[in-house]
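[1] Structure here, sequence nowhere to be found:
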Ligand SMILES: [Zn+2]
């Protein structure tokens, strides 16, 4: 009876531990690929490193000026974190 109880407790601990580890790995991976992917959950591959950091007019996230997601409007260049922000942007 007591053995069974200890076994259940250990199983619960193991599940909790595994979930925590998976959560940490998920966070680390999300940080590797940048905060914009944490927000949208999908990688657009549009944020290479380097260049200057400017704010995305759609959501305020900082993006690199090296990004391919850019638009020139009114003589001003705008850089976007995602295609969604670029589509939503009207100047
Ligand atoms: Zn954005």
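    On my side now, so go ahead. Every value quoted in this text rests on a predicted model; they were computed, and no experiment measured them.

[2] And the pLDDT for the closest residue to residue 54 other than its chain neighbours?
    Excluding the flanking residues, the one nearest residue 54 by CB to CB, 6 or more residues apart in numbering is residue 79, at 5.0 Å. Quick note: C-beta positions are derived from backbone N, CA and C, even for glycine. For residue 79, the model assigns a pLDDT of 95.

[3] ok, now which ones touch residue 79?
    Counting by CB atoms under 8 Å, 6 or more residues apart in numbering, residue 79 makes contact with 54, 56, 63, 64, 65, 67, 69, 70.

[4] hmm, which of these are the buried ones?
    By neighbour count, with 16 or more other CB atoms under 10 Å, those hold 54, 56, 63, 64, 67, 69 as buried.

[5] May I ask you to confirm that the second one is in contact with residue 81?
    Yes. Counting by CB atoms under 8 Å, residue 56 does reach residue 81; the two are 4.2 Å apart.

[6] For the chain, just list every one of the strands.
    Assigned strands in the chain, in chain order: 53-55, 62-64, 70-73, 76-79 (criterion: DSSP state E).

[7] For these, give me TSV that also has distance to the ion.
    TSV is the format used below for the strands of the chain (distance: least, CB to the ion, whole Å):
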stretch	distance to the ion
strand 53-55	9
strand 62-64	7
strand 70-73	12
strand 76-79	9
